[in-house]
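J.: Sequence first, then the predicted structure, then my questions.
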Amino acid sequence: RVSVEASFFKEMSPWENMLYAARLYGSGGEGTRARVEAMLERLGLPLDTLDKPMKQLSRGQQQKVAIARSFLTSPSLLLMDEPTTGLDPCSKREVQELVRSIRQDRAATVLLCTHDLEEAEVLGDRVLVIDRGRVLAEGTPAELIRAHAGNADGSLEDAFMQLTGKRLEEDEEEKDE
């Protein structure tokens, strides 16, 4: 599971945290450091951060470590809760590319929970629009856009606003309450 509030041992380094997680899942043997380094490199995390305490890393760097840790054990199902929140645009794109390639290479199912509708449109094979605990629509991004966006050039964001009857600002205000 990857979430905005990833749990780490803050005094330990990314390497130590990832080795700990790998050992919990029985995959901390030979070659683990090379796998960790390769994963972090794909996410654009400088290798010199690998041995620094987690508390010295930025939130974005910690998020990248959480994402790398989640893929380290080759899960067949992965829950990602707002995985790119707090990442700069370049890092966000790196994470999205990694998610895409892992899904294809490992035939993994990724359940992505997000308010970032552009990300859902880019990564989602199927999208569920949920508002106040109710499922309003389900389908591929293209199906939802075609049925609910209101025009041919619409987006998933347009479909969401049409389905919920809200503006995005209202949705953000509700989250803050």
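T.: Now that the structure is in, tell me what you want to look at.

J.: What residues sit buried inside the helix or strand containing A120?
T.: Using DSSP states H and E, A120 falls within helix 117-123. By neighbour count on 16 or more other C-beta atoms under 10 Å, the buried set for helix 117-123 is L117, E119, A120, E121, L123. All C-beta atoms are positioned from the backbone trio N, CA, C, and that covers glycine.

J.: Now do the end-to-end distance for stretch 118-135.
T.: End-to-end distance for stretch 118-135, by C-alpha to C-alpha, to the nearest Å: 19 Å.

J.: And the average pLDDT for that stretch is what?
T.: Mean per-residue pLDDT for stretch 118-135: 93.

J.: Poorly predicted segments of the chain, please.
T.: Scanning the chain with the threshold set as pLDDT under 70 gives 1-6, 167-177.

J.: Assign a three-state SS to the residue nearest the centre of it, would you?
T.: Closest to where the C-alpha atoms of the chain average out (C-alpha atoms, centre = their mean) is P83, at 2.9 Å. With DSSP: H, G, I helix; E, B strand; the rest coil as the basis, P83 sits in coil.

J.: What values do phi and psi take at it?
T.: phi -70, psi -20 (degrees, to the nearest 10).

J.: What separation do you get for it and R59?
T.: Using C-beta to C-beta, to the nearest Å, one gets 13 Å for the distance from P83 to R59.
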